[in-house]
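Student: Take this sequence and fold it.
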Amino acid sequence: MNNEVQLKIEGKKGFFYIDIAGQREAMMTFVFAGDDKIIIDHTEVNPGNEGKGLGKKMVAQAVAYARENGIKIIPLCPFAKSVFDKVPEFQDVL
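Tutor: Predicted structure coming up:
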């Protein structure tokens, strides 16, 4: 099972996603807020994939992306915010 997090950016919007066996099973959308911030606005995991850590993997990838690009994250999505609240190591990108 390959559940590697991918990234797609289209203009001022983007999303992290996980495809499993050719099917999109999880997606987390964001928008750019200026040049130095992204706002995570929605996280979705398909039914049957709850509890597998896919959402947290996407948040972790967003954190890695933010660190690599010197930007900050504003987690408006309740799920993403809950991950940031639970993982102190991610606080540096807020």
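Student: And residue 33, what's its pLDDT?
Tutor: On pLDDT, residue 33 comes in at 97.
Student: Repeat that for the one 10 residues further on.
Tutor: The model reports residue 43 with a pLDDT of 97.
Student: Burial check on it, number of neighbours?
Tutor: Burial of residue 43 is recorded as 26 neighbouring residues (other CB atoms under 10 Å). Using the backbone N, CA and C atoms, a C-beta is placed for each residue, glycine as well.
Student: now swap in residue 47 and tell me
Tutor: 6.
Student: Equivalent analysis for the one 10 residues further on, please.
Tutor: Here the count is done by other CB under 10 Å, and residue 57 has 17 residues near it.
Student: and if you look at residue 34?
Tutor: Neighbours of residue 34 using other CB under 10 Å come to 9.
Student: Got the phi and psi for it?
Tutor: phi 70, psi -160 (degrees, to the nearest 10).
Student: Enumerate every residue touching it.
Tutor: Counting by CB atoms under 8 Å, 6 or more residues apart in numbering, residue 34 touches no other residue.
Student: From residue 88, how far off is it?
Tutor: 26 Å (CB to CB, to the nearest Å).
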